[in-house]
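Asks: Quick one, what's the 3D model for this:
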Amino acid sequence: MPRTPRPPLHPRESTCGPSSLEGFPLSYSMTRRLAGTALARSWDALDATARRTAVDELSGMPRALHAWSPPADLADTLVARDGLHEGLDGMLGADITPLPTSRALALVDHGKALPHVDPGLMADAAHAIEEYRHLEPAVDDPSRHGVIHGDVHLENLWWSGPGVGVLDL
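Replies: Okay, the predicted model is just below:
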């Protein structure tokens, strides 16, 4: 019988808000520290039972994350992000989400003009973004489709002994 995944461990937010740096708008959030260490640094020291626990929990995390929907006011705020339609200067620092696709492509175009940036890499990035454009409605409206974690890797996963946590929900 499949087990129901427990909600992922995650740090609790203590405060958040807008800020600026040299005139550029920024946002910040501060969280309480989650006990433990990055799974990338813990993995080699884990015994077989702990590794099995980590893998079992990791397999259930996407279901738990995608099943959660934010309150309507938060979803509206996420969808109507500041800087979305203000050109490149408005985008930079407004938030960390490069969606919708037109916004991500504008950032790629900006990257093409920077010194020491491989134009072939930027062309590949633009191609990859276009290839997945059809998924955009599913990832850009959390009230309709839940939350998607865009950068799950072993540095963002935290081993705390009893289980695995996600650092930046």
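
Asks: where along the chain do the helices fall?
Replies: 39-42, 48-67, 72-79, 87-91, 101-112, 119-131, 136-140, 142-145 (DSSP state H).

Asks: could I get those as TSV with mean pLDDT?
Replies: Listed next are these as TSV, based on pLDDT from 0 to 100:
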stretch	mean pLDDT
helix 39-42	90
helix 48-67	82
helix 72-79	71
helix 87-91	66
helix 101-112	85
helix 119-131	93
helix 136-140	61
helix 142-145	61
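
Asks: Nearest to residue 16, out of the ones you listed?
Replies: helix 72-79 (11.1 Å; Cβ to Cβ). C-beta here means a position set from N, CA and C on the backbone, and glycine is covered the same way.

Asks: if we can go back for a sec, rebuild the helices of the chain as CSV, extending it with distance to residue 163 and mean neighbour count.
Replies: Shown next, in CSV, are the helices of the chain (distance: least, Cβ to Cβ, whole Å; neighbours: other Cβ atoms under 10 Å):
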stretch, distance to residue 163, mean neighbour count
helix 39-42, 11, 17
helix 48-67, 5, 14
helix 72-79, 26, 13
helix 87-91, 36, 14
helix 101-112, 33, 16
helix 119-131, 33, 13
helix 136-140, 26, 14
helix 142-145, 25, 14
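
Asks: Out of those helices, which gets nearest to residue 25?
Replies: helix 87-91 (7.8 Å).

Asks: okay if I get the helices of the chain as JSON lines plus distance to residue 22?
Replies: Listed next are these as JSON lines, based on distance: least, Cβ to Cβ, whole Å:
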{"stretch": "helix 39-42", "distance to residue 22": "33"}
{"stretch": "helix 48-67", "distance to residue 22": "35"}
{"stretch": "helix 72-79", "distance to residue 22": "25"}
{"stretch": "helix 87-91", "distance to residue 22": "12"}
{"stretch": "helix 101-112", "distance to residue 22": "18"}
{"stretch": "helix 119-131", "distance to residue 22": "26"}
{"stretch": "helix 136-140", "distance to residue 22": "29"}
{"stretch": "helix 142-145", "distance to residue 22": "31"}
